[in-house]
Structure formats: structure tokens, C-alpha cells
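J.: following is a predicted model, sequence given first.
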Amino acid sequence: MTNSKVQIIDPTQLWQFIPINQYIKPPKPLEETVRQGIIGVFQKLWPTKESTDLPLTQKELTVIPLTKLDRIVPSPDWTGAVNALNLALDEWVKSGASKGNVAVVLCHPFGGTQEILTIWGKDQCWLILDPPPRTEILNDDLNWIEHYIKGKDTPFVLPNLEHYYLRHVKGLRLIRELFDWLWSNSCQCVMGIDSWAWTYLKHTMKIDTYARTILVLKALDYERLNIWLKSLFRQSTRRDLFFRETTTGKYVLSSEVPIEDAKKQPRYDNNFLKNLAGYSSGIPLVSWEIWRTSLRTDPDEELLLKEDELEMDPRNKRRTIWVLPWEKVELPIIPESVKRNESHVFHAVLLHNGLSIELLSQILPISLEEVTQSLNKLKRLGLIENRGDNWIVSAIAYPRIREFLNSEGYLIDDI
Amino acid sequence: MIYQNGEILFFRSLTSTEILFIIAILTISWLVMKLNRYWIPFLANKFSGKRRLYILALMPILRLIIIVGVFIIIFPLIIIPTTENLIAFLGAMGIALGFALKEYISSLIAGIVTLYEMPYRPGDWIEINGIYGEVVSIGLRSLELRTPDDNIVRIPQLRMWDSPIFNSTSGSRELLCVTDFYLNPKHDASLIKQILYDVAITSPFLQLKKPVEIIVKEKPWGTHYKLKAYPVDARDQFQFISDLTVRGKKALLDLDVKFNTVMQVIHSEQSVDNF
């Protein structure tokens, strides 16, 4: 589908925090849904070994080295999102506790809201609390709450509430105590919580009844993605970069078509962005990760010169970065060999936004050895990765894992 | 009514080609029905959850289509399709059923009835005559159950007429599991209820979309707790109950709650008698 028209969105409106009941996910293009459905059935019937080779038609294009990739698609700057959160919470902050003393900011995995909340808290000079060690939670140790919460009346921020409980018989006391305290006090508190933990605690402890203000970051639809991805490379380089699809040569991001090309046929195709928004459900860091994965460069062309060279030679200011067509982007699939143990691992890891091997073996009814085997298997498949001691699902595989758990009958996040 | 030489014509005279055609149709349909019993469960097991149940549900529907199709093709080839002949055919069938093959035909009819009444479907967990298991396949004459011990039990469809059928799933993937705890009555029941609730909601097998219920009943020998909850997948029911039992016991023992056993009860009753 080719569309040269783009709805104009005010770049300052890129980030918006909205009430949870107004949240809408970007739609998946119909063609892609049908294509994925057919591929899924074929995969079930005739499973094939996953190839790590990219089926590129443009063999000469290569993956961009990490250091250069970090300059083309750097880590996001959340300033705009922090301002948006400030705007959304402004009235609630000023109201004191009259509109409820707890405001909840929901966050999808890889949604970036924890970072946004932390920056917002610092800007507001509010107390930002780190969670207690998980061993303390498991030991029914309430020292943390006695020390950091009780007896204090300064407003505070809990950026990641999902780290305050464990799905274990002894892992729920701390969060219950915390909510009981919040319920009986008027101290203002902003809580960031992962959407999976929120859904779990909502079903088991009715925590949604504690907060009247529940916000969520508006999903990045393809128009917002267009603005965001352009703003990313402008963060780190003054060079004009053009992102063009490898097979058609069409421009992937709008309003970047050079003047000499603009007179010809419509050269912009938003199909990639629509697919990206649909697949990632508009979650910023999932889109970011896939965008990075899909970029290629021509090895003959020196990609990025140093900025001082750039000043000297203006002709080098324009470079083309090639983008794989959506069908060629290598997204992990969940093979038939993923069984019940692995499903439990996925669910546990998502409910806690990361867990160590030891905690996984304590939470799940499987041995440490089986947990290790499952994690190794999932890591090999590119579905899970470790950050220090913690295991998390990989950003690029997250939408597939969510779909998989849904089809297996698990409770998944409901935003 | 069609006459030939003053006699009513009932059967058509068949040519050798027609006979071969009928044999071919019967053989092919028999083969397809046999294959049905293998490839549909094979295909269904590639999927999980609702998709698995939907595919399994195709099995009886396909069988019904084949039976009706074969009947429509063969009947007018063998019998001259007039009203009188149809009545005569059904009458003859009735006599045959009434005498010679009563049990067998009764099972076949029950098998056909199950196709539209659907008292059980492939993938359901049912109990008939004390036999509990998952319905693996439904044939015309019998159904196959896989018991928790992985035995395949073939039960004649005839049982449908006179035996109660307990269906725990009725086409859905959810199945209520009950885990029992028998405790010494000297304890704080509300605390135990809270602990058992936590045991349930922290089980990875739990279907969180369904409610968890705890029933407490005081018995002469102690307090009986029934923890009622649903697993994510009905096939995990025994692992789910085991998980709840293991973790429930540990949590209760950590609280120093005493469990009641038959020996303890007998002993305490004897002590009362002696007293």
C-alpha cells in the first residue's frame, strides 16, 4: 500500500499521556495480518529450522556496526514525554490529595515510562524510591516499608511497582502493606507500574480501586513514529539521512524526499511504518529496536564522517540508509518446541518485568536445572535475554510472546 | 410404485460398474473416516487452547458429512427411490434393528445422536460409569477416553442412553479443580482462607481470568477446606492440584497448622471413649 499523504501532527504533541479508557492500539494492516496467519499455520504444520541468514535480495548491503547505529538511531531523549507527563499530572499535583492521593502511570514493557517517571520525579523534587531487594520481599521482611514509607509525608514516586511483589505465597505482603498505608494516608504518590503486573494485581488484589488517576502513554501510531524516528537521528547528527526501502527505493520517512525526486512519482511509502506501528502496538522501545534491526548500509559508502569533516565538505551531508522491506525484517518466531515450562517462564518474567534464575526456580514449580535449560533454549531462539542477573523477554520478540501467551490461555496485559 | 411382471420393484438391477462404484465409495469413505481419527487429533495437537478444541470438534462434523454424503450417493443406486420403497426399507431396517443387531445398532444410533446433541466433544474431560478421562475421539459405535494414567478406554455409545455423563469442560478449555485440605480445627480460619487464596493466585497454572473460591466446612474430625480454582489448560489439572497441595501444605506447616489424618482421628476418638 502506497500513500504519499501524511496527516500533520504537531511535533510537540508527539508524546501524550491519556486516561486508560482512551487508549487505542494502532491497527495492524490487514494484508500483514493475513500473511502472518498463513505463515503461522504453515509453521505449525511443517516447522522449519530457523535460519539466521537474512534473505536479502541486496546481498551487497550489510548490517550497520553498533557504534554507527548508535549515532543513526540513538537512545531516545524523553524530554518531550516528561513534559507531556507534567502536563497530564499538573492538575492532580495541584489538587493535593483531594483527587485521590495515588496516581498510576501504566507502562507497557519497553514503554520507557519508568525512565520518564524518574526524570519527572527529579524535576518535581519528589522523593524517588528504589524497590527493596527481592530477597527481602520473599522473606516477608517489612523493614523497607517501615523505613522509607511510614512516618513520612513528602510526596514520592515509585517508578516500578512491579518490583515490589513476587508471585509467591510470601511475596505479596509488602505490596498489601504498601496499599493499606496509602489507603489510610493522604501523602501523594505517583506509581509507575508495568501493564502485566497491573493486570495481575488488578485481578488478584483489586488495586485499580486504590487510584482514581490512571494514565498511559499514548501509542505511537505510524504518524507519530514518523516524527519520532526522524527526531532520533537529528538528536545525534546534523547530517541529512534518507531512509529508503531496499527493494523499491522508496522513502520510508515522510518529508525527507529530496527536491529533485519530489517532482517525479510519489516516492514515499508508509507501509513499513504502518506495519511497524501495528506489530509493536505503538510501544516506543519495541519500535525502536525493530527499526534498528531493519537498517542496512552500502559498505562502499563511508557511512558517517566525523562532524568536523562534515563541516568542511557539505556534499557529504546527505547519506542514504537502507531499510529492509517489512516482510524481510527478521522477527523471532515461537516454534513448536516451546512447551509449558517455557510458557511459565515467559509469563513469570513478564509479570515481574525481569527475574533471576534463582527467583524463577522459587516461583515456578520447576527445578533450577529445568529453568536454566528453558532459559538457554529461549535465549538461543532470540526470545529472551539477560540483563545482569535478570532475565527479560527481548523487545523485538515481545509482541509475538504476548500473542503466544494469549493463545495459550494465560492472562495477558489488558491495555 | 414401479411394477415389473406384476411385482413391485424394490431394488434396482445393478451393473458391474455400479457395484464397483458403490464398493469404491464405501471403501473411500471408510478410509477417510479412519484417517479422520488420526489426522485431526494430530493436527489439533499442533495447536493449543481454543484452536485445539475447534479442530477436534471438526472430527464428528466431518464424520456426519461423510455418512450423509455416502447415504445420498448410494441409496438411489441400490433402491428405487419411491415413497413406498422408502417406507419398506425403513420397515425392514426396523425389524433388523429390533432383533439381530439390537446392541450394535443402538450404539450406532447413539453415536449419530451424539453428533448433534453433543453431550461430549473431543477434548472434553468426562466421566462415564466411574471412568474419567479426556475424550480422544468419538466413533459411531464407541468413544475413546484417555485416562489420567494414559490408558485408552473404549466405551460403547450405548452407555449414553442409560448412564449419567459428567462433563467437566463442555467444549471450553476451563475445568474446575478442587484441592482438599483437612486440618485440625484449632486454627484461625480467616487466616487459613487468606493463605490458601494466596497459594492459588501464586500458582503459575492458575487461570487468573476465573474466580478462586474457598469453601470451609466443619466436620466431626476437623475442618475441611476446599480450594476451588481453574487451571489455564484442562490438561494441566493434575499438575495444578499437585502444585496447590505441595505449596499449600508448606504454607500451612510454616504457620504451624496441624493436618488431620485418619490415624489421628481414630486416636482422638478412642481417647474420648476412654474418658
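T.: Now that the structure is in, tell me what you want to look at.
J.: ok, and the closest non-adjacent residue to whichever residue of the stretch 101-250 of chain B sits closest to chain A?
T.: For the stretch 101-250 of chain B, the nearest residue to chain A under the criterion Cβ to the nearest Cβ is residue B:208, separated by 3.9 Å. The C-beta positions use only the backbone N, C-alpha and C, and glycine is treated the same way. In space, not counting the residues next to it along the chain, residue B:208 is nearest to residue A:411; the distance is 3.9 Å by Cβ to Cβ, 6 or more residues apart in numbering or on different chains.
J.: secondary structure element for that neighbour?
T.: Under the criterion of DSSP states H and E, residue A:411 resides outside all helices and strands.
J.: in contact with it, which residues are there?
T.: Residue A:411 makes contact with A:199, A:200, A:203, B:207, B:208, B:209, according to Cβ atoms under 8 Å, 6 or more residues apart in numbering or on different chains.
J.: could I get these as TSV with secondary structure and distance to residue A:407?
T.: What follows is the contacts of residue A:411, written out as TSV (DSSP: H, G, I helix; E, B strand; the rest coil; distance: Cβ to Cβ, whole Å):
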residue	secondary structure	distance to residue A:407
A:199	helix	17
A:200	helix	19
A:203	helix	19
B:207	coil	14
B:208	coil	16
B:209	coil	14
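J.: which two among the residues you listed are spaced furthest apart?
T.: Based on Cβ to Cβ, the longest span within those runs between A:199 and B:207 and measures 13.5 Å.
J.: higher neighbour count, those two?
T.: Neighbours of residue A:199 and residue B:207, each counted by other Cβ atoms under 10 Å in any protein chain shown, are more numerous for residue B:207; the result is 24 against 21.
J.: quick one: low-confidence ranges for chain A?
T.: Judged against pLDDT under 70, the low-scoring parts of chain A cover residues A:1-11, A:43-60, A:237-239, A:255-266, A:300-318.
J.: and the strands in it?
T.: For chain A, the strands defined by DSSP state E occupy A:17-19, A:62-63, A:102-107, A:127-128, A:156-158, A:189-194, A:213-217, A:240-245, A:295-297, A:318-323, A:384-387, A:390-393.
J.: how about chain B?
T.: So, for chain B - with DSSP E - the strands run B:3-4, B:7-8, B:125-128, B:131-138, B:142-146, B:152-156, B:165-167, B:177-183, B:213-219, B:222-229.
J.: could those strands go into a markdown table alongside mean neighbour count?
T.: What follows is those, written out as a markdown table (neighbours: other Cβ atoms under 10 Å in any protein chain shown):
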| stretch | mean neighbour count |
| --- | --- |
| strand B:3-4 | 8 |
| strand B:7-8 | 10 |
| strand B:125-128 | 20 |
| strand B:131-138 | 19 |
| strand B:142-146 | 20 |
| strand B:152-156 | 15 |
| strand B:165-167 | 14 |
| strand B:177-183 | 18 |
| strand B:213-219 | 13 |
| strand B:222-229 | 20 |
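J.: make CSV out of these and add mean pLDDT and distance to chain A.
T.: As requested, the strands of chain B are exported to CSV (pLDDT from 0 to 100; distance: least, Cβ to the nearest Cβ, whole Å):
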stretch, mean pLDDT, distance to chain A
strand B:3-4, 62, 55
strand B:7-8, 64, 54
strand B:125-128, 92, 15
strand B:131-138, 88, 16
strand B:142-146, 88, 18
strand B:152-156, 90, 22
strand B:165-167, 89, 19
strand B:177-183, 95, 14
strand B:213-219, 95, 14
strand B:222-229, 96, 12
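J.: which residue comes closest to residue 86 once chain neighbours are left out?
T.: Just going to use chain A. Leaving out its chain neighbours, residue A:86 is closest to residue A:120 (Cβ to Cβ, 6+ apart), at 6.3 Å.
J.: can you look at chain B instead?
T.: Using Cβ to Cβ, 6+ apart and skipping residues adjacent in sequence, the residue nearest residue B:86 is residue B:79, 7.7 Å away.
J.: that neighbour is in contact with residue B:10, isn't it?
T.: Yes - contact between residue B:79 and residue B:10 holds when scored by Cβ atoms under 8 Å: they sit 6.5 Å apart.
J.: ends of stretch A:101-117, how far apart?
T.: Looking at stretch A:101-117, the gap from its leading to its trailing residue is 17 Å under the measure Cα to Cα, to the nearest Å.
J.: residue A:278 reaches residue A:29, doesn't it?
T.: Yes - the pair residue A:278 and residue A:29 passes the contact test of Cβ under 8 Å, sitting 5.9 Å apart.
J.: more neighbours: the two, which one.
T.: residue A:278 (21 against 18).
J.: just give the nearest non-adjacent residue to that one, would you?
T.: With Cβ to Cβ, 6+ apart, the residue lying closest to residue A:278 is residue A:28, at 3.4 Å.
J.: roughly how far does the one you found sit from residue B:29?
T.: 42 Å (Cβ to Cβ, to the nearest Å).
J.: picking that back up, overlap in contacts of residue B:79 and residue B:10?
T.: When contacts are counted by Cβ under 8 Å, 6+ apart, residue B:79 and residue B:10 are jointly contacted by B:85, B:89.
J.: can you tell me the closest non-neighbouring residue to residue A:341?
T.: residue A:374 (4.9 Å).
J.: who in the stretch 251-400 of chain A is up against chain B?
T.: Within the stretch 251-400 of chain A, the positions near chain B by Cβ under 8 Å from any Cβ of the partner chain are A:336, A:340, A:344, A:347, A:348, A:363, A:364, A:365.
J.: doesn't residue B:46 make contact with the first one?
T.: Yes - here residue A:336 reaches residue B:46: they are 6.7 Å apart, a contact under Cβ under 8 Å.
J.: how about stretch A:202-215: buried residues?
T.: Buried residues in stretch A:202-215, defined by neighbour count with 16 or more other Cβ atoms under 10 Å in any protein chain shown: A:202, A:203, A:204, A:205, A:207, A:210, A:211, A:213, A:214, A:215.
J.: next one: stretch A:118-125
T.: Using 16+ other Cβ under 10 Å as the burial criterion, the residues of stretch A:118-125 that qualify are A:118, A:119, A:120, A:121.
J.: list the contacts for the residue nearest to residue A:341?
T.: Applying Cβ under 8 Å, 6+ apart, we find residue A:374 in contact with A:341, A:342, A:345, A:366.
J.: and the third one, how many residues sit next to it?
T.: So that's residue A:345. Neighbour tally, residue A:345, other Cβ under 10 Å: 27.
J.: okay, now the unreliable bits of the stretch 1-150 of chain B?
T.: Residues of the stretch 1-150 of chain B meeting the criterion pLDDT under 70: B:1-9, B:48-50, B:97, B:100-105, B:115-116.
J.: thinking again about what came up before, look up how far chain B lies from the residue nearest to residue A:341.
T.: As for residue A:374, its distance to chain B is 12 Å (criterion: Cβ to the nearest Cβ, to the nearest Å).
J.: for residue 163, grab the count of nearby residues.
T.: Going with chain A. Look at residue A:163: counted by other Cβ under 10 Å, it has 21 neighbours.
J.: think we crossed wires, I meant chain B
T.: The number of residues near residue B:163, taken as other Cβ under 10 Å, comes to 13.
J.: looks like it contacts residue B:127 (just checking).
T.: No - shown here, residue B:163 and residue B:127 do not form a contact pair, counting by Cβ under 8 Å, at 9.7 Å.
J.: so which residues on chain B come close to chain A?
T.: So chain B meets chain A at B:43, B:46-51, B:173, B:195, B:198-199, B:201-205, B:207-209, B:232-233, B:236, B:239, B:243, B:246-247, B:250-251 (Cβ under 8 Å from any Cβ).
J.: just the buried residues of those.
T.: Applying a neighbour-count criterion of 16+ other Cβ under 10 Å, the buried members of these are B:47-48, B:173, B:195, B:198-199, B:201-205, B:207-208, B:232-233, B:236, B:239, B:243, B:247, B:251.
J.: tell me which of these fall in helices.
T.: Cross-referencing these against helices under DSSP state H gives B:195, B:198, B:199, B:201, B:239, B:243, B:247, B:251.
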